[in-house]
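**Q** When you get a sec, could you give me coordinates for this:
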Amino acid sequence: MIPLTRSFPPPLDQLHQWRPGDQVTHLDGRPLEDILDLYYYTPEGVRTTLDIRSADGETATVELDPGDIDQVTACFAPMEFKTCACDCVFCFVDQNPEGMRDTIYVKDEDYRFSFLYGNYITLTSLGKRGLERIKEQRMSPLYVSVHATDIDVRTRMLGIKRRMDVVAILRDLCEAGIEIHTQVVLCPGWNDGAILEKTFRELLELAAPPEDGDEVFHAVSHRGHDYDGQEGDAVELSGNGGVRSLAVVPVGLSAHRKNLTKLDPVTPDIAAAAIEQIAAWQTEARAQVGYGFIYLSDEFYLLADTPFPATASYDGFGQVDSAIGLTPRLRATWAEELEWGAEDGELPTRPLTVLTGELAANAWRREFTPVLETAGAPPVELVGVANTLYGHTVTVAGLLSGDDLRRALLELPASPARTVVLSPRVFNSDELTLDGMTLGEIAADQPHQVLVGEEDGFVAFWSQLG
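**A** Next up, the predicted model:
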């Protein structure tokens, strides 16, 4: 059933007057679980009927002309995601400090949101009905947190009682034509070494070589693609199921781990060893399936102070939302944009001060500053902001608090001519930081101009500043 939150727009409002508690229950007599059912089962080019039940139990049926369904869905309540029942040893939600927004402490585990937005799920709460629905409605691709294919290791890492064979579930989905991107959060001493190799090899067995003309990955981010039971505009699928990739990211450890399982961080030496090992496995994968298959997040290369692989080795940057190749992709994009700007006489002219996480500041100095200098761009002053909310071990920009950013701004020498740019990753879709601050609150009473930058299109953003 799908809750309504307001009346249908004119002239459809003549069909049904909304009241609190009304729910759409059936489409052409078929029970509806959520809006995905509605999109999937709505026939094209013919009239349809919706059954609506009110809070007091009254029922009504309305007829819709072809094309009306999009107007109707705007009146539906947003889908609520199902929550995670795992107790993962590495879960970052458990490492949040107290006093944050309630949503910060919510763990999602919903295959529908994995399909729609690229959220990673463990499959632990999938159930037979969910499995069959994924296959029937072709919810592909999915994003699965595997962490280890060894059943005992995965059971301990996820903190679950029921032993489940994730490889068997993935195989079932792959054979039904579902494409899957997978992830391992690397925890030294838990799922590295021989366990990681087992994971790589068992997932590689489920990989399907792309057909001629098929993209291994999507040209743009998966998040937010259209859903009509077929391919969305941002998704190009081969129609063949298979595990398409394995992303390896380092465990994140905050200062708030009291009473949690002791975990060791990924050190520079561990990162260097992982880089060497994954490079060898990529060579093996390319020989077997035609692409690299397994990829390390940028943090490994920055930790080990090792050059990034060539951009072509990322095979289309399909896991860039997990920071897999984000830095080299931006470096290549910015270099190209600066070259175009030079040709058109539209290079940026204003010096900038960039406030970002310590990891990103390191990436700027190492990867982006040489590109800017080569292009003749103005200087960029980099400020790596220390994270007092989560502790010094957390260095990514997306986990900076508004309070830390404001503190860093106050420490800058006052200058009305200074333009300060903040990373867009510190704000959520509601334009709030983790501690609930807005840009206006962060920049209040500052003598400098404070702006939120862009990642894609950064050079154009910079050039427009004058």
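
**Q** For the residue nearest the centre of the chain, give its distance to residue 14.
**A** For the chain, the residue sitting closest to the mean C-alpha position, by Cα atoms, centre = their mean, is residue 321 at 4.6 Å. According to Cβ to Cβ, to the nearest Å, residue 321 stands 43 Å off from residue 14. Any C-beta I mention is one placed from the backbone N, CA and C, and that applies to glycine too.

**Q** Thought residue 118 was touching the residue nearest to the centre of the chain, still the case?
**A** Yes. Using Cβ atoms under 8 Å, residue 321 is in contact with residue 118, at 5.9 Å.

**Q** Just the mean pLDDT for stretch 257-269, thanks.
**A** What stretch 257-269 shows for mean pLDDT is 96.

**Q** gap between the two ends of that stretch?
**A** 23 Å (Cα to Cα, to the nearest Å).

**Q** Show me how far that stretch is from its chain's centre.
**A** 23 Å (Cα atoms, centre = their mean, to the nearest Å).

**Q** Buried residues, the worst-scoring helix or strand of the chain on mean pLDDT. List them.
**A** When each helix and strand of the chain is scored by mean pLDDT, DSSP states H and E, helix 69-73 comes last, with a mean of 84. Buried residues in helix 69-73, defined by neighbour count with 16 or more other Cβ atoms under 10 Å: 69, 72.

**Q** same thing with stretch 417-428?
**A** Applying 16+ other Cβ under 10 Å to stretch 417-428 flags 418, 419, 420, 421, 422, 423, 424, 425, 426, 427 as buried.

**Q** show me the contacts for the first one.
**A** Think residue 418. 353, 412, 447, 448, 449 (Cβ atoms under 8 Å, 6 or more residues apart in numbering).

**Q** so which of these is the most crowded?
**A** Using other Cβ atoms under 10 Å as the neighbour test, the contacts of residue 418 are led by residue 353, with 22 neighbours.

**Q** phi, psi of that residue?
**A** phi -110, psi 120 (degrees, to the nearest 10).

**Q** contacting residues for it?
**A** By Cβ under 8 Å, 6+ apart, the neighbours of residue 353 are 380, 381, 383, 412, 418, 419, 420, 421, 448.

**Q** Excluding covalently adjacent residues, which one is nearest to the last one?
**A** I take that to be residue 448. Take residue 448 and drop its neighbours on the chain: the residue closest to it by Cβ to Cβ, 6 or more residues apart in numbering is residue 418, 4.1 Å away.

**Q** Return the distance of that neighbour relative to residue 451.
**A** Distance of residue 418 to residue 451, given as Cβ to Cβ: 11 Å.

**Q** Do a quick rundown of the helices in the stretch 201-350 of the chain.
**A** 268-289, 298-303, 326-344 (DSSP state H, counting those that start in this stretch).

**Q** could those helices be laid out in JSON lines, adding distance to residue 248 and mean neighbour count?
**A** Converted to JSON lines, these look like this (distance: least, Cβ to Cβ, whole Å; neighbours: other Cβ atoms under 10 Å):
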{"stretch": "helix 268-289", "distance to residue 248": "7", "mean neighbour count": "16"}
{"stretch": "helix 298-303", "distance to residue 248": "8", "mean neighbour count": "22"}
{"stretch": "helix 326-344", "distance to residue 248": "15", "mean neighbour count": "17"}
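
**Q** could you dump those to a markdown table with distance to residue 197?
**A** Shown next, in a markdown table, are those (distance: least, Cβ to Cβ, whole Å):
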| stretch | distance to residue 197 |
| --- | --- |
| helix 268-289 | 8 |
| helix 298-303 | 17 |
| helix 326-344 | 26 |
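
**Q** quick one: low-confidence ranges for the stretch 51-200 of the chain?
**A** For the stretch 51-200 of the chain, no stretch is flagged by pLDDT under 70.

**Q** all helices for it, in order.
**A** 69-73, 111-117, 127-136, 151-158, 166-175, 193-204.

**Q** So which elements touch the second one?
**A** This points to helix 111-117. helix 127-136, strand 142-145 (3 or more Cβ pairs under 8 Å, 6 or more residues apart in numbering; DSSP states H and E).

**Q** next one: the last one
**A** Packing contacts for helix 193-204, counted by 3+ Cβ pairs under 8 Å, 6+ apart, involve helix 166-175, strand 179-186, strand 242-250, helix 268-289.

**Q** Tabulate the ones you listed in TSV, adding columns for distance to residue 408.
**A** Formatted as TSV, the helices and strands packed on helix 193-204 follow (distance: least, Cβ to Cβ, whole Å):
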stretch	distance to residue 408
helix 166-175	42
strand 179-186	29
strand 242-250	25
helix 268-289	26
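
**Q** Please name whichever of the ones you listed is nearest to residue 311.
**A** Shortest distance between residue 311 and the helices and strands packed on helix 193-204, using Cβ to Cβ, is found for helix 268-289: 14.1 Å.

**Q** and the angle for the closest one with helix 193-204?
**A** Helix 268-289 and helix 193-204 are oriented at 30 degrees to each other (axes from the mean of the first three to the mean of the last three Cα atoms, to 10 degrees).

**Q** Strands of this structure, residue ranges please.
**A** All strands of the chain, identified by DSSP state E, fall at 2-3, 23-27, 30-31, 48-53, 59-64, 142-145, 179-186, 242-250, 294-296, 352-357, 380-385, 419-422, 449-452.

**Q** How is the chain partitioned into domains?
**A** 2-73, 93-324, 329-463 (automatic domain parsing).

**Q** ok, of the helices of the stretch 201-350 of the chain, where does mean pLDDT dip lowest?
**A** Among the helices of the stretch 201-350 of the chain, helix 326-344 scores lowest, at a mean of 91.

**Q** helices or strands up against that one?
**A** Short answer (3+ Cβ pairs under 8 Å, 6+ apart): helix 326-344 packs on helix 298-303, helix 369-375, helix 458-463.

**Q** As JSON lines, those helices with distance to residue 190 would be great.
**A** Shown next, in JSON lines, are these (distance: least, Cβ to Cβ, whole Å):
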{"stretch": "helix 298-303", "distance to residue 190": "17"}
{"stretch": "helix 369-375", "distance to residue 190": "36"}
{"stretch": "helix 458-463", "distance to residue 190": "37"}
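
**Q** Quick one: closest of those to residue 344.
**A** helix 458-463 (9.6 Å).
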